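In: Just to be clear, the model below is a prediction. Sequence and coordinates:
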Amino acid sequence: MKYLDEFNDPDLAATLFDQIRAVVTRPWAIMEVCGGQTHSIIRNGIDQLLPDEIELIHGPGCPVCVTPLETIDKALEIAARPDVIFCSFGDMLRVPGSHTDLFGVRSRGGDVRVVYSPIDAVAIAEDNPDKEVVFFAIGFETTAPGNAMVAFQARQRNLTNLSLLVSHVLVPPAIEAIASSPTSRVDGFLAAGHVCSVMGTTQYEPLVTTYGVPIVVTGFEPLDVLDGIRRTVIQLENGEAYLENAYPRAVNTVGNSPAQAMLEDVFAVTDRKWRGIGMIPQSGWHLSDRYADLNAETRFDVADMDVQESELCRSGEVLQGMLKPNECPAFGTECTPRNPLGATMVSSEGACAAYYQYGRLESSRTLPVIESGATRG
Amino acid sequence: MCLGVPGKVLEIRDERGTQMATVDFGGVTKDVCLAYTPEAQVGDYTLIHAGFAITMVDEESALKTLELFEQMGLLEEELGAPSDVAIGDRGTATGGTRP
């Protein structure tokens, strides 16, 4: 159990918790979409300090987690080639493909490099004209402008040895997929603050209207998350559903116009498969026609791959809030951060990995039985 | 993967048409791309995600966030102090991004 004094402003935290307790009269399930928020919630024990009526469901907002297994396998195949320097964000390196991970490729001699900024890959391409440099462009809308800059600069600098393996995902279609599901238990959503820093908030208006769910744009610090929850509960208790911005210090309605212009140029919307969830229509970006020649999948001819996910893994149910991580029979036994079986354990931001890291090894609260009849451990 | 760290712009330069900056994160400096916050001036605070400034932030909130991140040990994790990860060091991969 966590205590209030672990918040950076315990008095404010206490006030926010008190306000939530004062208004709550019935059970509500609130989904935080972003993995960074999940991390904040579990690390600070926000879920344990909330009244029992409030259940937090950990959404699919970890792009490392939801990158499809076949895309990981494509990355591994490309990275293993002797003529390739493969550049990736650090948290992709230990994500297992069907047979190995990028660390494994590197230990067998593959040139796999971690970049802090996507444009590090541009410098690597310029410094290594005799090598093919491939950048693994994953992420939500927050990361996409930086990744798009790689394609833009490759074109601007006439770099013929630089390409991108793109597997971008978009938040609003994921919220729509969850909100529109007949088995959805989610009463309200915390939208990911920095995604909205880039994209603005207008994309969420139709979701609020169509599905009648409150959406509160929320930051990442513990008090931000708590305030987002408080505002969502107040809307729910008042029988209201509107779009609310609880993170105005970094988010406005229109978002970042120069970034959006770059995204419009470099990327185009496409259907995207999400690991643990499946295909969500129009939920990703791939390279636009103008940049299609930079597509590593065609350049290296990695066609569709036949992959098999673990049968033990129930990350799909976790991602949709039907199962808590520590209710999965494989959690902490067959499936650990060092030997992850699926989406929610592969990155430190995944719900299962966060539960494991912060010692939530046992199911600690009784959850309401749901109609789908999913087993709870 | 989507965390952002506020940092103070120390110096701005043009690198072949792209606005780049040296940015201070509570003592650690990094090269950051300002292409998406062209309004940023030396002394301003911006929110940095994976080497790119994605929005401007005010100084007061930036300093509070930096202090909090430092307390929670998040600064090193986010900024990926080492530029690369040792082979086989599977537990401490840094330099990642967050949504």
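Out: It's in. Residues are numbered from 1 along each chain as shown, chains lettered A, B, ... in the order given.

In: low-scoring pLDDT stretches of chain B, where are they?
Out: Along chain B, segments meeting pLDDT under 70 span B:1-2, B:80-99.

In: Let's verify A:Arg360: helix, strand, or coil?
Out: Three-state assignment for A:Arg360 (DSSP: H, G, I helix; E, B strand; the rest coil): coil.

In: I'd like to know how many residues surround it.
Out: Residues contacting A:Arg360 under the criterion other CB atoms under 10 Å in any protein chain shown number 21. Where you see a C-beta, it was placed from the backbone N, CA and C, and this is true even at glycine.

In: My read is that it contacts A:Phe331, right?
Out: No. Using CB atoms under 8 Å, A:Arg360 makes no contact with A:Phe331, being 9.3 Å away.

In: Common neighbours of those two, please.
Out: Shared contacts of A:Arg360 and A:Phe331, defined by CB atoms under 8 Å, 6 or more residues apart in numbering or on different chains, comprise A:Pro325.

In: Kindly list the longest strand within the chain.
Out: I'll assume chain A. As assigned by DSSP state E, the longest strand anywhere in chain A is strand A:278-287.

In: please go with chain B instead
Out: Scanning chain B for the strand with the most residues, using DSSP E, yields strand B:5-15.

In: in that one, what's buried?
Out: Of all the residues in strand B:5-15, those buried under the rule 16 or more other CB atoms under 10 Å in any protein chain shown are B:5-9, B:12.

In: for chain B, what spans make up the helices?
Out: B:59-71, B:74-79 (DSSP state H).

In: Save the ones you listed as a markdown table, and put in mean neighbour count too.
Out: Formatted as a markdown table, these follow (neighbours: other CB atoms under 10 Å in any protein chain shown):
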| stretch | mean neighbour count |
| --- | --- |
| helix B:59-71 | 16 |
| helix B:74-79 | 19 |
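
In: Chain A is nearest to which of the ones you listed?
Out: helix B:59-71 (4.7 Å; CB to the nearest CB).

In: and that closest one, what other elements does it pack with?
Out: strand B:5-15, strand B:45-49, helix B:74-79 (3 or more CB pairs under 8 Å, 6 or more residues apart in numbering or on different chains; DSSP states H and E).

In: what about A:His286, distance to chain B?
Out: To chain B, A:His286 is 18 Å away according to CB to the nearest CB, to the nearest Å.

In: Relative to A:Ala241, how far out is that residue?
Out: 33 Å (CB to CB, to the nearest Å).

In: just A:Ala179 next, same as before
Out: A:Ala179 is 11 Å from A:Ala241, by CB to CB.

In: Now for those two: what residues contact both?
Out: Joint contacts of A:Ala179 and A:Ala241 (CB under 8 Å, 6+ apart) are A:Val213.

In: mind saving the C-alpha coords of the longest strand of chain A as CSV?
Out: The C-alpha coordinates for strand A:278-287 follow below in CSV (Å, rounded to 0.1, in the frame of the first residue of the first chain):
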residue,chain,number,x,y,z
GLY,A,278,-5.9,-7.2,-33.5
MET,A,279,-6.7,-5.0,-36.5
ILE,A,280,-8.1,-1.6,-35.9
PRO,A,281,-9.2,0.2,-39.0
GLN,A,282,-7.4,3.5,-39.9
SER,A,283,-5.4,3.3,-36.7
GLY,A,284,-1.9,3.8,-37.9
TRP,A,285,0.4,5.8,-40.1
HIS,A,286,2.6,4.5,-42.8
LEU,A,287,4.8,6.4,-45.2
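
In: That strand pairs with which strands?
Out: strand A:162-169 (antiparallel), strand A:267-274 (antiparallel) (DSSP bridges).
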